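> Just a sequence and a predicted model for now, questions to come.
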Amino acid sequence: MISYRTLLFVPVALSFTAWTPPNPQKVLERVSSDKACVRVAEKGLRPLAKQQTERFLGKVAEDTANCRGGNKALERRSSVWLDWPNYWGAGDASSKTQELGAITTVGKHLKPNERGVDGALIDLEYQRMELIRFNLNDNKTFENYINGNGTTDGPVLKTWEAMRLPPSHPQFKQVTTAKGVQVCTGELIRNRSLTGICNDIYNPAMGSTHQLFARNVRFETTSPELGKNELARNRHGDRLGLLQPDPQVISRKLFTRAQTKPDMCNFGQGLPDNAKTAQCDYKKAPFFNVLAAYWIQFMTHDWFSHLREGHNDDAKMAMGCTSQKVNNQEQPVTAEQSKTLGCRPNDKVDAGYIAQHEPAPSFDHNGKSYLARAQKTTENTVTAWWDASQIYGYDDTSLKRVKRDPKDNAKLLMLPRGKSTAASDSQGYLPVLNSCDSNQTGCVADPINPAWKGQEAAAFADNWTVGMSFYHNLFVREHNLIVDAFRKQAAATPQADSGLRNPAKPDEVITYQKVTDEELFQLARLVVAAEIAKIHTIEWTTQLLYDEPMNLGMNANWNGLLDKNNPVSNVLQKIVVNRLGQSPQETKANQLYSAFAAGAGIFGLGSHRYQDNPGFLGYLPDKKDIWDLRNLQHVNGGTNHFGSPFNFPEEFPTVYRLHPLIPDLLEFRELQNPNAITKKVPVASTFRGKATQAMTDGGLSNWAMSMGRQRLGVLTLQNHPQFLQNLDMPRLQTETNKIDVAALDLIRDREHGVPRFNEFRRQYGLTKLTSFGDFVDQRLEKNSPERKEQERLVGVLREVYGQHQCDASKVITDSQLNADGSAINDCLGHADSSMVDNIEDVDTVVGWLAEFTHPHGFAISETQFQVFILNASRRLFSDRFFTSSFRPEFYSSLGHQWVMNNGPGEKQWEANEYNGHKVQVSLLKRILLRTMPELSGELAGVMNAFDPWSRDIGQYYSLQWKPKPRAASDESFK
């Protein structure tokens, strides 16, 4: 068996056959690279950092770069950006090196392209392990994390007093034993609960509604505008405030989409009657479609919300448009200047809810003082679990908006609507929320805000658009199809074992005919939630991060242990994952557990147990499974919270401020003539109740194709939708009744205490920038139009944020050191007293939009991705229903196989390879075909439903914008 060290650092011995090299320089590069690999292997594993200032930062040693990427990787090591995107095989076909005939004694993973991709995955695992070590800061339990509980070190704690249900909670008595210990049992652990309690059996409140958002950054770095500590004051001087630098000025100068024909766009409102001659310019991504843009909004509605039933605090606050820098001096914005900029000084918006704003308490540990929480905290008003709560509800109020079918209470209500004759429309559409006009007698009104009148029924009803209508209708149809399939099976085999069990009566077999409507409804919810998580993990994310390392990493992350064809899994499952998970040693229990479990597959981890391997959490098909519903350690034992209870950190919503993805106009098409755009529908005309009419008029399958074909916007500067900068908000009852959502993103981040961009990067273990010029992509030719445009935008950044005379005596951070071990100071490596860019003041959203140096195929920045590395895995690690409770006892046999096989029946496979891999027909594609069979022709050959459906995907992660033959006449390719 190959040793783990050999697996990671590949060649320890090489043998070559003779060959005739086509290029002598390539030969020399390969020889140099292979020798570097030998030296890397001799040095062994790099140690994990023991303190924050020793972190990996995504930058490798010279030999490592040479081994994994040759000259290109060596040349780019001086960049502030990550090294792994420069490795062989980590980009498109041009990133691969030509095979020169070298033959290794160990196998293909010693070849340059393979070791480049493997090296990228290694780098990512190191980052994940160090993120777990340094970036879990919970606002309720941080003191436990540092001090432990007297017998157990903090990073390996598994239960917390703060995660108990309070005496006032309705389920308090159910979960509290005579000894005062809280344990969830029986019906409480059978299904996903409404409010998210009892996902973790021993921490009932974890992940439930109204828990405090956690933090990934150290508490001392939050709310820098308050200047609560010397480092923050040194870092920013007196330059920061809630409205400083001015958020509307930033929005108008750095976010606004330029228009070649402003009258044809009309600030994103398009032309009368949705005329197809309307034109709103935007920077387009070639490999991501509008379905993907709306998908992430659909996801965030499930994960987090600072709102309370669609509103913030009643107090109103200004939104800026009052000052700007002119020649590096702050000056008031005049009326004429505000008109030129397009901003509005009289805009006001409701203030965000703050849970705690009094000074944060502190505590001491080993002679060092720590804050016990962030300077300000906020609550997550929805469940933090991936539980489809936006569909099924998260509290008693939202549950009243969930409409069950009175004819079959296991189903959600769908009604016929519109004139569409598509084959799928017999499945119906969501009903409209009851608002009950004053002249209606006997009407029972749904709990809604007045602004939601006319919308389709959904638990999470805020920020409703035609995109939300699409996904809610899609997954409600899927829910009902699962119910139909179960009922069909029950009719065929009524006495057969359904696989379901009631934890309150674990020995009782539940046959198909015994399954109640409520049990069927809840198992369908479990299946839908798992489907959504699976789509996001291995379809949306792999298209968002479109390259080979991410494709391999995300697929292994999800189902490695269950996928017997995965060579990484075959090696890693031989490592006793659970012994690491149960180890009292923090390094093994957390960091190494993360590497092995994530590499081998999180999904289903711990859902099997074996007599002769009692601690192994993987899947051993040749062993007898003794997993037992009566054993709570089996039910709950596949989760790992890494010493900090799971909730989303405040920084997570920050990196999901993705408004540039949305175009101003939606290009509507019809299935009978897919290559023609029949009208251009302003997104703003599909908000709230208007979405109902848009969906009724267009039909679900036409909207699917329209959004599937249209490209979304690039996440970059000067690419925000104009309609969002001029959004009508009559409910505010202000002088303008408008807000600038792009400016509001900045205000909310400042309200929530998010550090500014450079310190944000340092906190997440990334290299600091020393000037605005660092944003320019050095891979571009110096005189190329792209580089000149980036340099222009850097000039705008400097104009907006300004410069200051630096003071080298002021240390600005203790989270990172310079390469020579010295403290980072206000001059950031420049000469003392020189004029330096105010790079430390840049808002985090602005910073990652300015990151022009992306890894190949990344729709997001490396800074955003660093936040995902930690949190995207944690929400799987921590969820019992994706790990040890992913079992037929909870999902039913039919539901369990439905998730595993992407639908009913056996797995289906695409006829052609996808970027060199044989792949299953994707889950989202199969759902689209199940719910809208009329899409079969349009989806033929589509490998990932988030890739524009008419794009020829080319070879090996190509980003080309070229039509498939059937789309040659499509207007979007002109």
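Structure received. Just so you know, these numbers come straight off a predicted model, no measurement behind them. Numbers count the residues shown, from 1 in each chain.
> count of residues packed around the residue lying closest to Leu212 once chain neighbours are set aside?
Of all residues not flanking Leu212 in the chain, Asn139 sits nearest, at 4.4 Å (Cβ to Cβ, 6 or more residues apart in numbering). All C-beta atoms are positioned from the backbone trio N, CA, C, and that covers glycine. The number of residues packed near Asn139 is 25, by other Cβ atoms under 10 Å.
> Surely Asn139 touches Val217?
No: look at Asn139 against Val217 with Cβ atoms under 8 Å: they stay out of range, at 11.9 Å.
> For the stretch 51-200 of the chain, which segments are assigned as strands?
For the stretch 51-200 of the chain, strands defined by DSSP state E, counting those that start in this stretch occupy the ranges 102-104.
> Now for the residue nearest to Leu212: which residues touch it?
Leu212, Phe213, Ala214, Arg215, Arg373, Ala374, Thr377 (Cβ atoms under 8 Å, 6 or more residues apart in numbering).
> which of those tops the neighbour count?
That'd be Ala214 among those, by other Cβ under 10 Å, with 29 neighbours.
> List the residues that contact the closest residue in space to Ala205 that isn't next to it in sequence.
Leaving aside its sequence neighbours, Ala205 sits nearest to Met163 (Cβ to Cβ, 6+ apart; 4.8 Å). Met163 is in contact with Lys140, Thr141, Asp200, Asn203, Pro204, Ala205, Met206, Pro645, counting by Cβ under 8 Å, 6+ apart.
> so how far is Val217 from the second one?
According to Cβ to Cβ, to the nearest Å, Thr141 and Val217 sit 16 Å apart.
> now do Glu539
30 Å.
> before we move on, what about Gly91?
For Gly91, the distance to Val217 - Cβ to Cβ - is 31 Å.
> Next: Lys962.
42 Å.
> Got the phi and psi for Trp727?
Heads up, residue 727 is Leu, not Trp. phi -80, psi 130 (degrees, to the nearest 10).
> Name whatever forms a beta bridge with it.
On the basis of DSSP bridges, Leu727 is bridged to Ile739.
> Give me the phi and psi angles of the nearest residue to Lys679 once chain neighbours are set aside.
Of all residues not flanking Lys679 in the chain, Asn274 sits nearest, at 4.0 Å (Cβ to Cβ, 6+ apart). With angles defined as degrees, to the nearest 10, Asn274 sits at phi 60, psi 40.
> surely Asn274 meets Ile677?
No: Asn274 is not in contact with Ile677 according to Cβ under 8 Å; the separation is 10.5 Å.
> can you list residues touching both of those two?
Phe668.
> Need phi/psi at the residue nearest to Pro506 when sequence neighbours are not counted.
Spatial nearest neighbour of Pro506, excluding adjacent residues (Cβ to Cβ, 6+ apart): Leu629 at 4.3 Å. Taking degrees, to the nearest 10, you get phi -60, psi -20 for the backbone angles of Leu629.
> again with Leu552
phi -70, psi -40.
> tally of neighbours for it?
Using other Cβ under 10 Å: Leu552 sits among 20 other residues.
> Can you give me the distance of it to Gly89?
With Cβ to Cβ as the criterion, Leu552 and Gly89 are 10 Å apart.
> So for these two, which residues contact both of them?
Val117.
> looking at it, Asp446 is touching Arg401, isn't it?
Yes: between Asp446 and Arg401 there is a contact at 5.4 Å, judged by Cβ under 8 Å.
> Determine the residues that are contacts of both of the two.
Leu433, Ala457.
> ok, how many other residues are close to the nearest residue to Pro855 once chain neighbours are set aside?
Distance criterion Cβ to Cβ, 6+ apart; nearest residue to Pro855, sequence neighbours excluded, is Pro85 at 3.6 Å. Pro85: 26 surrounding residues under other Cβ under 10 Å.
> go on, the one 10 residues further on?
Neighbour count for Ser95, taken as other Cβ under 10 Å: 22.
> check contacts around it.
Contacts of Ser95 (Cβ under 8 Å, 6+ apart): Tyr87, Trp88, Gly89, Gly116, His856.
> how deep is the first one tucked in, by neighbour count?
If I follow you right, that is Tyr87. Around Tyr87 there are 28 residues (other Cβ under 10 Å).
> ok, it to Thr767 distance?
17 Å.
> quick revisit: who touches the residue nearest to Pro506 in this structure?
Arg501, Pro503, Pro506, Val635, Glu889.
> Of those - the most surrounded one?
Most surrounded of the contacts of Leu629: other Cβ under 10 Å gives Val635, at 25 neighbours.
> Verify the stated contact: it with Ser884.
Yes: if you go by Cβ under 8 Å, Val635 and Ser884 touch, sitting 6.2 Å apart.
> can you tell me which two in the contacts of Leu629 are farthest apart?
Using Cβ to Cβ, the pair of these lying farthest apart is Arg501 and Val635, separated by 10.8 Å.
> I'd like the contacts of Ser95 laid out as JSON lines, including pLDDT and distance to Ser95.
Below are the contacts of Ser95 laid out as JSON lines (pLDDT from 0 to 100; distance: Cβ to Cβ, whole Å):
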{"residue": "Tyr87", "pLDDT": "97", "distance to Ser95": "8"}
{"residue": "Trp88", "pLDDT": "96", "distance to Ser95": "6"}
{"residue": "Gly89", "pLDDT": "96", "distance to Ser95": "6"}
{"residue": "Gly116", "pLDDT": "93", "distance to Ser95": "8"}
{"residue": "His856", "pLDDT": "97", "distance to Ser95": "7"}
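> Which of those residues are buried, as a ChimeraX select command?
Buried members of the contacts of Ser95, defined by 16 or more other Cβ atoms under 10 Å, are picked up in ChimeraX with:
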select :87,88,89,116,856
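> So for the longest helix seen in the chain, what gets flagged as buried?
As assigned by DSSP state H, the longest helix anywhere in the chain is helix 466-492. Buried residues in helix 466-492, counted by 16+ other Cβ under 10 Å: 466-483, 485-487, 489-490.
> Equivalent analysis for stretch 412-430, please.
For stretch 412-430, by 16+ other Cβ under 10 Å, it's 412-414, 417-418, 420, 422, 424-425, 427-430.
> Lowest pLDDT pick from the residues you listed?
Minimum pLDDT across the buried residues of stretch 412-430 is recorded for Ser420, with 77.
> can you list contacts of stretch 904-918?
Residues contacting stretch 904-918 (Cβ under 8 Å, 6+ apart): 485, 548, 551, 894, 898, 901-902, 919-921, 926, 941, 943-944, 953, 956-957.
> switch to 7 Å and redo it
Ala485, Glu548, Asn551, Trp898, Asn901, Val919, Gln920, Val921, Met943, Tyr956, Tyr957 (Cβ atoms under 7 Å, 6 or more residues apart in numbering).
> So how do I select the buried members of those residues in ChimeraX?
To isolate in ChimeraX the members of the contacts of stretch 904-918 that are buried, counting by 16+ other Cβ under 10 Å, one can use:
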select :485,548,551,898,919,921,943,956,957
